Structure formats: structure tokens, C-alpha cells
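Q: just coords:
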């Protein structure tokens, strides 16, 4: 692959829409249509622009790169106004399975961070036949409301301050009113050494103007704490996830050396990967949004794990 400087690219040449499951999914696509598929998944409060430099690197290596807006972001929309605006982890993961089905992708290398890493983890754990290999920033992120009942040390709880804010109606109203300011604050906390400019932030912040964004985000965090219910159709999936299933597909986990977001020590989750496994610390002041801050390292990890 060529060498790329972070921030070289600012947009995706090809944007598409497709009906998949309960959604009309907006996604960027790069690379040859017949190439091996790579699906790149963003987190909160970010969007597909986290991969604006990763995509051309992987495309140059011959991959078909798919980068979808998750439910509640960008141009992704629910097909029905009656559908429950559900942010639970199983719903988001099954969105990606539905997208793969719609695009006729049988198996793909799946890579992500934050919500995207959790989604990749779930697919790799429960549907390994759909996930050839995985890159996961911050390791193993599958959880459950039951597991989240366990209190954390005060310093760790402090890092989750926004989760408790979102548990209140004041928090919902505040996030709705100040969503761009809120996201910028999270960016600054989660990546304290990333000197992103206003244009970089604004490109991603446009994705938060999605009409379902606030509902999805608030439900996601309330569901994690057991303060909001999910949908019964996902109960069996969530039961399996609550058992913290082992991931058997080839995996590389990455961590930035300046990640200011809550994250576990790599030693605590290494045993959750039983296949070929490597953990890598990415240095240079790299924060939570690792693919955008260190696109070369992220893209190289994708290529390496795909060849495992």
C-alpha cells in the first residue's frame, strides 16, 4: 500500500443507498466490486469519515470496501416510521448482517472501533461464517445489562459520565439541543492529542443531524444500564452475548497510546480470542478514533489479518 498522511482525503468518491432489513442504509464504497470484501464500522460520536483515508489504502490493495452509516447516522433511514428506534447491540449487529445479505456478501473481513468494534465482535462471535477475520480497536467489547450492574471503581465510573447524563430526560434534551458541541467535547476527551480542525469535525458532525440520531444514542446507553428495554426478537441473541462468547476468527486488536475514552487493559481480554491473535499498541499520541488518526496502521492491520 502507498503511504498516506492522516487528513489527506476529505470525502468518498462513491456514496450509495440500499434497502437492508428495517433500514435504507447509506454507505461509501471503494475498490473493485469483485475484490474481497472489507466492512468498516464507525462508532459514537463519529461517522464514516473515520475511514476516509483507510478506504483508498484498502482499495489500492484490491479490496472492495464498504463503510455504512449505522442506524441513526448520516443518510441511513428507517423504512417505517413505526419501527422502534432501538440502539441495543444485537439490533446494530443484525443491521450489518442484513446489509451483507442485501449486497450479496457472504463473508467479509470486518473492522471497527467503539460501537463498530462491538458490532464486529458480535458478528465474529455468533456468525463466524460471515466474518473471515476481524480488526477490533480496544479489544473485546461485548457486554450485557446484567454485567453492567457491577459497579466500577470511581475513576472508571467518572469516565462514563455521559452514560449517566443520558439516563435522565435532561440528558436527552441536552444532547438533542447541543449534539454538535457534545460530540466535539467527546472527541477532545477521547483523543486529547489529536489536533483535528473545524472542517474535519464538521464533516462528521453532519451525520448527527439524522432524525433518529438522538433516539438511537439515548436508547443505546439506557439499554446498557438496564434502564430501557430492548425488543423481544433479539432476546435469544442477547442471551448468547451475555455469556461473553469466545471469538475464534483471526483477530488483531489495536489500541492507541493516548486513548482518553474508557477502555480495558489488553491483558484482560486476550483470552477471549481463541484463533490466531495479535494485539498492537499504536503510538504517536493516537486516541480513540484510531482509523482516522492512524489510517496507515489500521489499514495494514486489516490486510495482515485478512492474510491470516
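A: Happy to help now that I have it. None of these values were measured; they are calculated from a predicted model. Numbering: from 1, shown residues only.

Q: Where does the residue most central in space within the chain fall, secondary structure wise?
A: With distances taken as C-alpha atoms, centre = their mean, residue 116 lies nearest the centre of the chain, 1.5 Å away. In the assignment (DSSP states H and E), residue 116 maps to helix 115-126.

Q: Run through the helices of the stretch 201-308 of the chain in chain order.
A: Along the stretch 201-308 of the chain, the segments classed as helices by DSSP state H, counting those that start in this stretch run 213-224, 235-242, 290-293, 295-306.

Q: of all these, which lies closest to residue 265?
A: Closest to residue 265 of the helices of the stretch 201-308 of the chain, according to C-beta to C-beta: helix 290-293, at 16.6 Å. Every C-beta, even on glycine, is put in place using the N, C-alpha and C of the backbone.

Q: List of residues touching the very next helix or strand once past the helix holding residue 116?
A: Next in sequence after helix 115-126, counting helices and strands by DSSP H and E, comes strand 131-137. Contacts with strand 131-137, where a contact means C-beta atoms under 8 Å, 6 or more residues apart in numbering, come from 36, 107-114, 117, 120-121, 123-124, 247, 249-256, 288, 290-291, 298, 301-302, 305-306, 308.

Q: try it again with 7 Å
A: The contact list for strand 131-137 (C-beta atoms under 7 Å, 6 or more residues apart in numbering) reads 107-113, 117, 120-121, 123-124, 249-255, 290, 301-302, 305-306, 308.

Q: what does stretch 77-94 rub up against?
A: 19, 21-24, 70-71, 115, 118-119, 122-123, 212, 215-217, 219-220, 223, 230-231, 234, 237-238, 241.

Q: swap in stretch 230-241?
A: With contact meaning C-beta under 7 Å, 6+ apart, stretch 230-241 is reached by 84, 86, 88, 89, 90, 91, 122, 126, 142, 144, 223.

Q: Keep only those of those residues that are in strands.
A: Among these, none falls in strands (DSSP state E).

Q: Restricted to helices, list those.
A: 89, 90, 91, 122, 126, 223 (DSSP state H).

Q: Looking at these, which two lie furthest apart in space?
A: Among the ones in helices among the contacts of stretch 230-241, 126 and 223 lie farthest apart (C-beta to C-beta), at 18.1 Å.

Q: can you map out the strands along this structure?
A: In the chain, the strands defined using DSSP E lie at 15-20, 23-30, 37-41, 64-68, 77-78, 108-112, 131-137, 251-256, 277-282.

Q: so which of the ones you listed gets nearest residue 153?
A: Here strand 251-256 is closest among the strands of the chain (C-beta to C-beta), at 19.8 Å.

Q: quick one: the closest one to strand 131-137, angle?
A: Angle, strand 251-256 to strand 131-137, by axes from the mean of the first three to the mean of the last three C-alpha atoms, to 10 degrees: 20 degrees.

Q: sorry, back to before: filter the contacts of stretch 77-94 to the buried ones?
A: For those, a burial check counting by 16 or more other C-beta atoms under 10 Å picks out 21-23, 70-71, 115, 118-119, 122-123, 212, 215-217, 219-220, 223, 230, 234, 237-238, 241.

Q: Residue 6 and residue 301, how far apart?
A: Distance, residue 6 to residue 301, using C-beta to C-beta, to the nearest Å: 15 Å.

Q: my bad, residue 62
A: For residue 62, the distance to residue 301 equals 17 Å [C-beta to C-beta].

Q: Check residue 52 too.
A: 17 Å.

Q: Before I go, just wanted to say thanks for your time.
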